[in-house]
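kindly generate the corresponding structure for this input.
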Amino acid sequence: MKKILFLFVAISFITVSCTNNSKTNNAQEETTYKVDSTDATNDFYDNEVTHNLVGKDVEVLGEVANPGKVYFSKLPLRSVIIKEAELKDNNEIAFVGAYRYDGYSIYDILNERILQKANQEEFPPIVDLYVEISNDKGESVLLSWGELYYPANRYKIILATKVMHIVPSKSKDLWPLPTETKLIVGTDLITERNISNPTKIIVKSLDGKFKIQKNLKPLFSKDLKIYEQNNLIETLTQLPKNVKQETYSTVFYGRGRGIHSTSDFIGCELKNILKNNFKITKKNIQNGMFTVVGKDGYRAAYTFSEIMNRNDQAEVLLIDKNNYENAGRFSLFPSADFFSDRAIKALSEIHFKTIKH
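Numbering: from 1, shown residues only. Okay, here's the model as predicted:
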């Protein structure tokens, strides 16, 4: 009788525990994705139903010591709100829709992958790394390491597994919803890098060869040469007089040395220097890569899109005067970056090419 009573109590306890766990899980899910259909909160981005997106397994490959499948259950869920637009055949911009996407940031996906740079002996810094993301349809896009790990505003690039309409309160427009998982680049104006159902994330380093001259003095470049597919197309000895100059106030802070200065940066938006030679096209947005190189051989990767196709007005400045260290001309200031590591000094070359494998 005691055994039967004990068994009954044990079963009752397990049943209650399972019920409580179930309620907790349901409560968490409702809290995360609860639809605020009456505008009870001040959040504009919780008013509609969230829809699941279907996708395939994703793997990390390339210049990492621990490649392999991505396990999303171990990663935090991130959200990005975005107005999507695409290029038509006549190069006009067409609005697609406004959405909240939930998913897993490429930042988190790659965070514990151990880098194994192909050019480690020649150039150890990580600022020349980039990522190629592709799907089974033959589409691929590029992201610079700087876009992923250097921005002051992190987690803007995600692999989305859920989507929600952002519906205008008056027009009630319901834009088409995707059905497959999707790469979302939250800083792009024209969102051609938002490809569906990504399956591969490949870490790579730039393959250009440039002479390293450490502690070069004076650190100064008399001109700036611009190349396309290894062909010299323009040489600048000063900033064009017809290009407007901008002043950016900043706290200039390095990952190694810390605070550099609080001086203003005055220069031209780099995109306004480059736009005559490099047009906004789907191919360039998806696969365009700039290699920016200093006189001393220091270089960094910038995608076409992060220079030419931003939606946040956090532009890259080109400066033709010496900086606070009495060095630099020409120099770059990437205003979206938290750290100064990609602010190339004595900039002497900019190389552009499209990369698609």
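
how many residues are close by Tyr107?
Neighbour count for Tyr107, taken as other Cβ atoms under 10 Å: 18. C-beta coordinates here come from the backbone N, C-alpha and C atoms, glycine included.

report the contact partners of it.
Contacts for Tyr107 (Cβ atoms under 8 Å, 6 or more residues apart in numbering) come out as 148-149, 154-155, 157.

which among the residues you listed count as buried?
For the contacts of Tyr107, a burial check counting by 16 or more other Cβ atoms under 10 Å picks out 148-149, 155, 157.

what about these, which are in strands?
Ile157 (DSSP state E).

pLDDT and distance to Val185 added to the buried ones among the contacts of Tyr107, as TSV?
Below are these laid out as TSV (pLDDT from 0 to 100; distance: Cβ to Cβ, whole Å):
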residue	pLDDT	distance to Val185
Leu148	98	10
Tyr149	97	15
Tyr155	97	12
Ile157	98	5
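
out of the buried ones among the contacts of Tyr107, which comes closest to Thr50?
Distance to Thr50 across these (Cβ to Cβ) is lowest for Tyr155, with 18.1 Å.

quick one, phi/psi of that closest one?
When read as degrees, to the nearest 10, the backbone of Tyr155 gives phi 70, psi 30.

so how far is Leu75 from it?
For Tyr155, the distance to Leu75 equals 11 Å [Cβ to Cβ, to the nearest Å].

anything in contact with each of those two?
105, 108.

per-residue confidence, the residue lying closest to Lys271 once chain neighbours are set aside, what does it come out as?
Nearest non-adjacent residue to Lys271, counting by Cβ to Cβ, 6 or more residues apart in numbering: Met308, 4.8 Å away. pLDDT, the model's per-residue confidence, is 98 for Met308.

quick one: Met308 and Asn276 touch, right?
No: the pair Met308 / Asn276 is not scored as a contact, 11.7 Å apart, by Cβ atoms under 8 Å.

more neighbours: which of the two?
In this view Met308 and Asn276 are compared by other Cβ under 10 Å, and Met308 has more residues nearby, 25 against 10.

helices along this structure, start to end?
Secondary structure of the chain (DSSP state H): helices located at 2-33, 106-110, 145-149, 270-274, 282-287, 304-308.

enumerate every residue touching the residue nearest to Lys271.
Applying Cβ under 8 Å, 6+ apart, we find Met308 in contact with 271, 274-275, 278, 280, 284-285, 288.

again, but for Glu86
By Cβ under 8 Å, 6+ apart, the contact set of Glu86 is 93-94, 96, 190-192.

ChimeraX command to pick out the buried ones of those residues?
Buried subset of these, written as a ChimeraX selection, criterion 16+ other Cβ under 10 Å:
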select :96,190,191,192
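
Ile233: which of the buried ones among the contacts of Tyr107 is nearest?
Relative to Ile233, the closest of the buried ones among the contacts of Tyr107 is Leu148; by Cβ to Cβ it sits at 29.1 Å.

so how far is Asp337 from that closest one?
Plainly put, Leu148 is 11 Å away from Asp337 if you go by Cβ to Cβ.

common neighbours of these two, please.
Common contacts of Leu148 and Asp337 (Cβ under 8 Å, 6+ apart): none found.

circling back: ok, the contacts of Tyr107 vs Arg100, which is closest?
The closest of the contacts of Tyr107 to Arg100 turns out to be Tyr155 (Cβ to Cβ; 13.8 Å).

isn't that closest one right next to Asp108, touching?
Yes: counting by Cβ under 8 Å, Asp108 is a contact partner of Tyr155 at 7.5 Å.

now the common contact residues for these two.
Going by Cβ under 8 Å, 6+ apart, residues that sit against Tyr155 and also against Asp108 are Arg78.

do you know the pLDDT at the spatially most central residue of the chain?
With distances taken as Cα atoms, centre = their mean, the residue of the chain nearest its centroid is Glu147 (3.9 Å). We have a pLDDT of 97 for Glu147.

so what's it closest to, chain neighbours aside?
Leaving aside its chain neighbours, Glu147 sits nearest to Glu306 (5.3 Å; criterion: Cβ to Cβ, 6+ apart).

my guess is the one you found meets Gly146, correct?
Yes: the pair Glu306 / Gly146 is scored as a contact, 7.4 Å apart, by Cβ under 8 Å.

list the contacts for the closest residue to Leu216 other than its chain neighbours?
Distance criterion Cβ to Cβ, 6+ apart; nearest residue to Leu216, sequence neighbours excluded, is Asp296 at 4.3 Å. Neighbour list for Asp296: 212-216, 219, 346 [criterion: Cβ under 8 Å, 6+ apart].

distance of Asp296 from Lys117?
Distance of Asp296 to Lys117, given as Cβ to Cβ: 19 Å.

can I see the domain layout of this protein?
Under the assignment automatic domain parsing, the domains of the chain span 48-205, 224-354.

worst average pLDDT in these?
Among the domains of the chain, domain 224-354 scores lowest, with a mean of 90.

other residues contacting stretch 246-254?
259-269, 315, 317, 333, 335, 338-341, 343.

which of those are buried? Put it as a ChimeraX command.
Buried residues among the contacts of stretch 246-254 (16+ other Cβ under 10 Å), as a ChimeraX selection:
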select :260,265,267,268,269,315,317,333,335,339,340,341,343
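
just the ones in strands from the contacts of stretch 246-254, please.
Using DSSP E, the contacts of stretch 246-254 in strands are 259-261, 265-269, 317, 333.
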